[in-house]
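In: Sequence and computational prediction follow.
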Amino acid sequence: MAHILTAVEGSQIDVVPVARALISVSDKTGIVEFCTFLSSKGVELISTGGTAKKLREAGLKVQDVSDYTGAAECLDGRVKTLHPKVHGGLLAVRGNAHHEKQMEEQGMKPIDMTILNLYPFEATVSKGAGFEQCIENIDIGGPSMLRSTAKNHAFTAIVTSPDQYAKIQGEIEAKGGTTLAMRKKLAAEAFALSASYDSAISSWFANQLSTDAPVAARIYKPEFPLKYGCNPHQKPAFISSRLGSKLPFEILNGVPGYINLLDAANAWQLVLELKAATGLAAASSFKHVSPAGAAVAVPLTDVECKAYEVTDETKASLTPSSLAYLRARNADPMCSFGDFCAISDEVDEATAKYLKKEVSDGIVAPSFTPEALEILKSKKGGKFIVLAATPDYSPGEVEYREVYGMAFSQKRNDVIIGKDHMQNVVTSKQDLDESAVRDLIVASICIKYTQSNSVGFAKDGMMVGVGAGQQSRVDCVKLAGRKVATWYLRQHPKVLALPFKDGVKRQDRVNARVRYIEGDFTEEERVRWQQQFSEIPDPLTEEEKAAFMKGSNGISISSDAFFPFRDSIDHASKLGVSHVAQPGGSVQDKQVTEACDEYGMAMCFTGTRLFHH
């Protein structure tokens, strides 16, 4: 068994004045200002090459590490700070007579603060550097000083990020030095950084050898607490960032919850991909981590304007962003009630005004005009959630999750569905015009972010039916198909002519139209439903619905995995489906292709499965 060391006795100190600081940073953000402050407090500055040069250029008095140690930097900079005068100054226990006697004998001085960054190893790897260059960017002296300082946090402060400068400066101003509580916190952050750094090196090195990494460390920085997790009894709950990385969103207004942020993350990825694939402004409407609707900015027909209650004045004022969200919201307006939405482009005043009328929890977008932001901040009594997406955010190539004590990791599903995926048309009908390809792309990207099994129907750049989370694929088709029928029947003349009383709220009108189409009222429900009208409407009969549905055509369907049987195609034919996209790869592909030929559909194999769990 390894020998376990006992604690070294010394003084118990809370506030430690900073008399001497060692500085060696690769990220020089804010370092001149911070060291200017330290110098103004009489702190002696010791530094290495590039950092010392920058501080001198700013007019600060700095001692080179090599002068302090009496040993020149050597071996192409591999040895700079690996010296007893450095590590003795960091590790000496204050108030320990034995340590103090040895320091005096060896000419060591106590160092009260170390300010450092580690060599940018991960950045070097990400730039595609060769093996030898990556090896050279493995920091040795930095982690050594980091661990020495953090270990001796009872007396020394380890500073590892420019983000910490302001807080430390404030504490020195207020207390005359660093407190033990702060030094402990800084040490914890430093050890986390060290673990993350070593894990990155270990994983990279193992990858070079084509073996599994022996250990993978994921280090997270808690950003803010959540009220609770999925359910009120699931406490505590937090949002954390990956150490060294920002969160993907900045909160501009409101207090997002656990599910809000899950919706935001998926909704934002969906619209980014729609925009990239189509070049059009895109929007999505999410509930419980699946889309209720998604769309790109395609002009509305006159009938759609009537069905979606879009006045001539509103139509004339629609911008690409507002048009995209209007379409996304009207895919399934009952399911979009209380949604979390995402928009690919800047949110303008027209979009904010439209959104203000809808019952919604929040929005994520790249930016907001000042007018739009003020409108949205006033929504829900000031509680409406507004998130600004972090520009050029990189989520990393590999994603992780924990379930029941198991850690899962996989390459992130970063495939962007586009026109290339729609080229392998396998049916007798080969014609897929631009609008059909666009709609198949919209449907495919939408189901990529829908809980599997899933299928999605699209028409005119918008989802018109999403079937999520069913164990049977044909049940997905039937579920989504019911939504398609409801969407199309909302354009029926009898639905458009429903005589609502004045004062009936917008969402109540939406719900009433859907229930009119469905028609399966209880007697109690029928009485309450009829009270919304100035005169009782005649029923919409099954015969009238069937006759109207015959006019449905040009609809596209996409499936996240292959159709195992032709039954899904048979059902889709009842809804006016003309175009089909699926990965292919089933032993029943021939049977499914023949079914498409019988109904005159064009079907392409994308070759890409899109399961999402």
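Out: Cool, got the structure.
In: Show me the contact partners of the one helix or strand in the chain whose mean pLDDT sits lowest.
Out: When the helices and strands of the chain are scored by mean pLDDT, DSSP states H and E, helix 121-126 comes last with a mean of 74. The contact list for helix 121-126, computed with CB atoms under 8 Å, 6 or more residues apart in numbering, reads 133-134, 137-139, 197, 200-201, 204. From N, CA and C alone the C-beta is placed, and that goes for glycine too.
In: How about stretch 148-157?
Out: By CB under 8 Å, 6+ apart, stretch 148-157 touches 10, 13, 16, 18, 87, 90-94, 110-114, 158, 168, 178, 180, 182-184, 186-187, 190-191, 194.
In: Tell me if I am right that Ala72 is in a helix.
Out: No - with DSSP: H, G, I helix; E, B strand; the rest coil as the criterion, Ala72 is located in coil rather than a helix.
In: pLDDT of the helix of greatest length in the chain, averaged?
Out: Longest helix in the chain, counting residues (DSSP state H): helix 180-208. Helix 180-208 shows a mean pLDDT of 84.
In: So which elements touch it?
Out: helix 121-126, helix 141-151, strand 157-159, helix 165-175 (3 or more CB pairs under 8 Å, 6 or more residues apart in numbering; DSSP states H and E).
In: how about a cut-off of 10 Å?
Out: strand 113-116, helix 121-126, helix 131-136, helix 141-151, strand 157-159, helix 165-175, strand 220-226 (3 or more CB pairs under 10 Å, 6 or more residues apart in numbering; DSSP states H and E).
In: Correct me if wrong: Gly70 contacts Gly107.
Out: Yes - Gly70 lies in contact with Gly107 (CB atoms under 10 Å); the separation is 8.3 Å.
In: which residues are common contacts for these two?
Out: Lys85 (CB atoms under 10 Å, 6 or more residues apart in numbering).
In: Which one's more surrounded, these two?
Out: Remark: of Gly70 and Gly107, Gly107 carries more neighbours, 12 against 9, as counted by other CB atoms under 10 Å.
In: any idea whether that one is helix, strand or coil?
Out: coil.
In: Quick check: it vs Thr69, distance?
Out: 10 Å (CB to CB, to the nearest Å).
In: picking up where we left off before, quick one: which of the helices and strands packed on helix 180-208 has the weakest pLDDT on average?
Out: It's helix 121-126: among the helices and strands packed on helix 180-208, that one has the lowest mean pLDDT, namely a mean of 74.
In: So which bits of that one are buried?
Out: 121-122, 124-125 (16 or more other CB atoms under 10 Å).
In: Most neighbours of all the contacts of helix 121-126, which one?
Out: Tyr197 (23 neighbours).
In: the helices in the stretch 351-500 of the chain, which residues?
Out: Assigned by DSSP state H, counting those that start in this stretch, the stretch 351-500 of the chain shows helices spanning 370-377, 434-448, 473-489, 493-496.
In: Would you mark the buried spots in the longest one?
Out: Looking back up the chat, that one is helix 473-489. Quick answer for helix 473-489 (16+ other CB under 10 Å): 473-481, 483-489.
In: Any idea what Ala407 is bridged to?
Out: Listed by DSSP bridges, the beta-bridge partners for Ala407 are Glu402.
In: wait, isn't it in contact with Tyr400?
Out: Yes - under the criterion of CB under 10 Å, Ala407 makes contact with Tyr400 at 6.2 Å.
In: Surely Ala265 touches Val364?
Out: Yes - contact criterion CB under 10 Å: Ala265 and Val364 qualify, at 8.5 Å.
In: more crowded one of those two?
Out: Comparing Ala265 with Val364 by other CB under 10 Å, the one with more neighbours is Val364, at 29 against 19.
In: before we move on, the earlier item: touching both of Ala265 and Val364, which residues are there?
Out: With CB under 10 Å, 6+ apart as the test, Ala265 and Val364 both reach 248-249, 286, 342, 387.
In: From these, which land in strands?
Out: Counting by DSSP state E, the shared contacts of Ala265 and Val364 place 249, 286, 342, 387 in strands.
In: If we only consider the residues you listed, which is nearest to Ala372?
Out: Nearest to Ala372 out of these is Leu387 (CB to CB; 13.5 Å).
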